[in-house]
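Colleague: Everything below, folded, please.
(chains A and B, ligands or ions: 3)
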Amino acid sequence: MKHTLVALVENQPGVLQRVANLFSRRGFNIESLTVGHTETDRISRMTIVVDGATTQVEQVIKQLYKLIDVIRVSDVSEDRTVDRELALIKVHCASAASRLEISNLADVFRGRVVDVATDAVIVEVTGTDDKIDSLLGMLRPYGIKEMVRTGMISMVRGAQITARGSEARMLEAAG
Amino acid sequence: MQRLTGAQILCESLIKEGVDTIFGMPGGAIIPLYDTLFQYPFRHILCRHEQGASHMADGYARITGTVGVCLGTSGPGATNLVTGIATAMMDSVPMVAITGQVPTYMIGKDAFQETDTTGITMPITKHNYLVMDVKDLARVIKEAFHIARTGRPGPVLIDIPKDVTTNTAIYEYPAKVNLPGFKPKMQGHSKQIRQAARMIEQAKKPLIIAGHGIILSGAYAELRAFAEKTQVPVLTTLLGISGFPETHPLYLGWPGMHGMYYANMAISHTDCLIAVGMRMDDRVTGRLNAFAPHAQIIHIDIDPAELGKNVRTAVPIVGDAKNVLEALLEEVKPGHHPEWMQTLSQWRIEHPSLALPVKPETMSSPWIVRELYHATEGKAVLVTDVGQAQMWAAQHYFFERPNTHITSGGLGPMGYALPAAIGVQLGKPEEEVWCVTGDGGFQMTLEELSVLAEEKLPVKIALFNNSYLGMVRQWQQLFYDRRYSGVKMWNPDFVKLGEAYSIPTIRVSHVDGVRAAFEWARAVEGPAMIEFVVDAEENVFPMVPPGASLQETIESADEVAPKMQQVAVAAGSDKGGV
Ligand SMILES: Cc1cc2nc3c(=O)[nH]c(=O)nc-3n(C[C@H](O)[C@H](O)[C@H](O)COP(=O)(O)OP(=O)(O)OC[C@H]3O[C@@H](n4cnc5c(N)ncnc54)[C@H](O)[C@@H]3O)c2cc1C
Ligand SMILES: Cc1ncc(C[n+]2csc(CCOP(=O)(O)OP(=O)(O)O)c2C)c(N)n1
Ligand SMILES: [Mg+2]
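Modeller: Ligands and ions are numbered 1, 2, ... in the order given. Purely as a prediction, here's the structure:
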């Protein structure tokens, strides 16, 4: 199963390197990693997707905690969350007809065409990775020239703060 | 509040941290620092190679329980420190390593003697810093010492560009650290402690395995009281040796690759294994899927990541060994396990792993170690190198007093012993310190003999010369059909070598001379060295063959061939390494 970990880290130079270093040194497989600012100046937030089948998720969490710059880690996989990823997809498109088809497809996935050239369009879409995968599947026949995905970010639904409840669970597991 | 240079801030802060001894070597990037250092009341020990400085700081830290400090210049100074930093990381030794760096405005330009020191040391430090602004320096030093000594100890590196040492800032040493991501848990969870106590009370064949964490937390009295109240026999790991008195009736030796037969059998049969302050290293566990197959495991460690990392755990307890053992001692009811004790003593009688002849015919290394034990009445501090001599020292010397066995276990770098012994002697001048080393390891850091002579430190060196990289030769003999590859050594005349360093040195080639040699060395006032020309092809036993389980411990070379066949069938795993 895929696990989504949310880590709050000190916004220090080198913190991304420390995390990346840890993953490669310990042989942890990560599917995606995103970093960005948070509501607090000195704190950044990482969303890390790990495949639980190949990597021991509890070890990932515990090892992340050992990094001094990592303040809090939580596994939100069991929580009700909003998960989003953004993708930009450049699709081959030589005719007005296919431009319309692509635009309609994007509509279905609440995406949109954000750039048009004579033989290509750029589609922007946000959503869960499943949704983006589905749209990709539909666009593939037209010919995908280029694609970029941001990796997933997650937030727990409701009033609860994402990194709280799960931390308590983790500490309990550790004793 | 006063304006100080970075170098002054560093020195003032080191004084505030209680540092009195610094091991290092100057160079371009830290000339300003040395210029200031020398105006402060530190004892600076000039190593002859920065690896020496980092091992010296390590020895100093292990024996005193305080943070060891080493210092090197940018580039080659920093890279030479690396082995000692990695050693400290693997063995949880508190250390602060300070390196010079090229000036901030030259970083990234491939400047003279520039290396990415924080990049290189990231995976081998607990944390590291590159200080780009002198205003951050005091805070960084405060944090570094706090991190190095708090929770699970380890090395912290501070990389300081040259201009940061000369720039000035208002100096104020912070009273507290603010590290929201670093809050080690010291007290065990009471629910888990109760659970563990009940499990121990119900066990028929309980067993304690005590690791380096006992020494690091100073839990000697707690461990002993706990073992005595519950009447549970005690094993230590190699790094746990001297955490429990070795002549205590409950002491059962140490397990693992070269541990005692009965210790390995005890692990293989126990129904409740209480592991404290040890990290289930593969040298201890043998083949993992056959480790402690009948046991419920209670694992106590200050580092949550160690719990469940290698071995399944029934009751994990995060906390400081001393605190947790204290709590457990209070919670648990007295115990009594006559049958189990009977089984254990039966194994000890049938398989006396440490039995030695009263006097051998030839220069047998284990016997020489035993003579050292008798000569010093078990009261010396032994600092050992890596290899066969290390194993024999750990097996055949019986350590009575806390923290008197100092060795590098996790990284196991040859060349550790001499510089570490120097650090140990400086940390505890009143102790009798013996450096026990092989001829190979000795030659990796023998340049530090200069320090020994210069500082007139009374370290005694027992050099076991078998003209082989003995530990590797043993593997080649036993598991590679005697194909000796790259293990035979031409050696210098060690007596002349010692003399060249003004260190009284004698050679002993016959068993009759061993006792007198120890007496001679102990009577010499300063340093002294004895070269023992030992049997070249003696092997360390017992041994758990690589890939085998603890049950498959062998006690002589004859057992190797049949055992290895079984192992190959059972494991199909790789052989591991020396
Ligand atoms: C040639 C060679 C052969 C070897 N053969 C053997 C062998 O046969 N048997 C053997 O045992 N070893 C052997 N070793 C050593 C082995 O490799 C390991 O270094 C050793 O077993 C580790 O012991 P440890 O887990 O007790 O110590 P460490 O590796 O130092 O681990 C200490 C543990 O204690 C924890 N800790 C730290 N502070 C505290 C605290 N305050 N409270 C609670 N916990 C704390 C740490 O988190 C860590 O988990 C050999 C080494 C060499 C070089
Ligand atoms: C720096 C380093 N290089 C290589 C090794 C691998 N190694 C482990 S023990 C050993 C042999 C040590 O020989 P010596 O110091 O003579 O001791 P002996 O085993 O003969 O007692 C070697 C090469 C090591 N541990 N450290
Ligand atoms: Mg040798």
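Colleague: per-residue pLDDT, A:Gln160?
Modeller: For A:Gln160, the model assigns a pLDDT of 83.
Colleague: That one belongs to a strand?
Modeller: No - judged by DSSP: H, G, I helix; E, B strand; the rest coil, A:Gln160 forms no part of a strand; its state is coil.
Colleague: I'd like to know how many residues surround B:Ile85.
Modeller: As a burial measure, B:Ile85 scores 29 neighbours (other Cβ atoms under 10 Å in any protein chain shown). Where C-beta positions appear, they are placed from N, C-alpha and C, glycine not excepted.
Colleague: What about B:Gly28, how many residues nearby?
Modeller: Neighbour count of B:Gly28, defined by other Cβ under 10 Å: 15.
Colleague: Please, which helix or strand holds residue 45?
Modeller: Defaulting to chain A. strand A:43-51 (DSSP states H and E).
Colleague: That was the other one, I meant chain B.
Modeller: strand B:43-46.
Colleague: Need the distance between the two termini of stretch A:67-83.
Modeller: 26 Å (Cα to Cα, to the nearest Å).
Colleague: who's in contact with B:Cys188?
Modeller: You called it Cys, but residue B:188 is Gly. A:Gly175, B:Ile300, B:Ile317, B:Val318, B:Gly319, B:Asn323, B:Val324, B:Ala327, B:Leu328 (Cβ atoms under 8 Å, 6 or more residues apart in numbering or on different chains).
Colleague: Look at it and give its secondary structure.
Modeller: Look at B:Gly188: counting by three-state DSSP, its state is coil.
Colleague: what's the offset of stretch B:419-429 from the middle of its chain?
Modeller: Remark: stretch B:419-429 is offset 14 Å from the chain centroid, using Cα atoms, centre = their mean, to the nearest Å.
Colleague: And ligand 2, is it touching that?
Modeller: No - Stretch B:419-429 does not reach ligand 2 (Cβ under 6 Å from any ligand atom); its nearest approach is 13.0 Å.
Colleague: pLDDT (mean, whole number) over that stretch?
Modeller: Stretch B:419-429 comes out at a mean pLDDT of 98.
Colleague: for stretch B:509-519, same thing?
Modeller: For stretch B:509-519, mean pLDDT rounds to 98.
Colleague: ok, now stretch B:199-219?
Modeller: 98.
Colleague: got the end-to-end distance for that stretch?
Modeller: Chord length of stretch B:199-219, first to last residue, is 22 Å (Cα to Cα).
Colleague: Any buried residues in it, and which?
Modeller: Within stretch B:199-219, the residues scored as buried using 16 or more other Cβ atoms under 10 Å in any protein chain shown are B:199-200, B:203, B:205-217, B:219.
Colleague: Among those residues, which lie within helices?
Modeller: B:Met199, B:Ile200, B:His212, B:Gly213, B:Ile214, B:Ile215, B:Leu216, B:Ser217 (DSSP state H).
Colleague: Pipe these into JSON lines and attach distance to B:Leu10 per row.
Modeller: As requested, these are arranged in JSON lines below (distance: Cβ to Cβ, whole Å):
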{"residue": "B:Met199", "distance to B:Leu10": "50"}
{"residue": "B:Ile200", "distance to B:Leu10": "49"}
{"residue": "B:His212", "distance to B:Leu10": "30"}
{"residue": "B:Gly213", "distance to B:Leu10": "31"}
{"residue": "B:Ile214", "distance to B:Leu10": "34"}
{"residue": "B:Ile215", "distance to B:Leu10": "30"}
{"residue": "B:Leu216", "distance to B:Leu10": "27"}
{"residue": "B:Ser217", "distance to B:Leu10": "30"}
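Colleague: near ligand 1, anything from stretch A:54-70?
Modeller: No - counting by Cβ under 6 Å from any ligand atom, ligand 1 is not contacted by stretch A:54-70; separation bottoms out at 10.1 Å.
Colleague: related to what we said a few turns ago, what's the strand holding B:Ile45 packed up against?
Modeller: Packing contacts for strand B:43-46, counted by 3 or more Cβ pairs under 8 Å, 6 or more residues apart in numbering or on different chains; DSSP states H and E, involve strand B:21-24, helix B:417-427, helix B:449-455.
Colleague: That'll do, ta.
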